[in-house]
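Peer 1: Okay, predicted coordinates and the sequence, questions at the end:
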Amino acid sequence: MLNQIYWLDQIHGARTLDVFDIHAYPDRNTSSLTTAQLQALSADIYRLLDPTYVSTSGTVNQIWTTSIQPNYSIPFRIPRMKAMVNAIYPGTPLSFTEWSAAFYQESDFSTALGDADAYGISGARA
């Protein structure tokens, strides 16, 4: 889709895209996890956005892994996404405006910890 926007803008000589926004909803089969494991996952999942983070658990990182991200222990998400967007439509800022770490319960502290981590990582990378 970003390719199509870029090429249409090139044809029409205009820039119609100000920011490329990503909604980051990690997915995982949590049916076999205990409450404590769900809470830990909620609290920790967005550390995977931090390019300096090295995970000790390859299974959590597999949630976000793609064919161009073969190393489960070093996720490097934000820089990789910025590079992909810039390669397709140079000069386009990237944003993450929606996410959820609610693997356990929306009102549980672990979800709030995950959100706080995401805000901290985003602020440090801005």
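Peer 2: Yes, it's here. Numbers count the residues shown, from 1 in each chain.
Peer 1: Could I get the full set of helices for the chain?
Peer 2: Along the chain, counting by DSSP state H, helices occupy 2-12, 35-44, 58-61, 77-88, 109-125.
Peer 1: Give the other helices and strands that the second one contacts.
Peer 2: Where contact means 3 or more CB pairs under 8 Å, 6 or more residues apart in numbering; DSSP states H and E, helix 35-44 is packed against helix 109-125. The way it works is simple: take the backbone N, C-alpha and C, and place the C-beta from them, glycine included.
Peer 1: and the helix it packs on, average pLDDT?
Peer 2: For helix 109-125, the mean per-residue pLDDT is 69.
Peer 1: can you check stretch 33-47 too?
Peer 2: 78.
Peer 1: Name the residues of it that come out as buried.
Peer 2: Buried residues in stretch 33-47, counted by 16 or more other CB atoms under 10 Å: 38-47.
Peer 1: now swap in stretch 80-87 and tell me
Peer 2: Within stretch 80-87, the residues that count as buried by 16+ other CB under 10 Å are 81-82, 85.
Peer 1: want to throw the residues you listed into TSV with distance to Asn29 and pLDDT?
Peer 2: Below are the buried residues of stretch 80-87 laid out as TSV (distance: CB to CB, whole Å; pLDDT from 0 to 100):
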residue	distance to Asn29	pLDDT
Met81	24	82
Lys82	29	86
Val85	29	92
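Peer 1: Okay then, goodbye and thanks.
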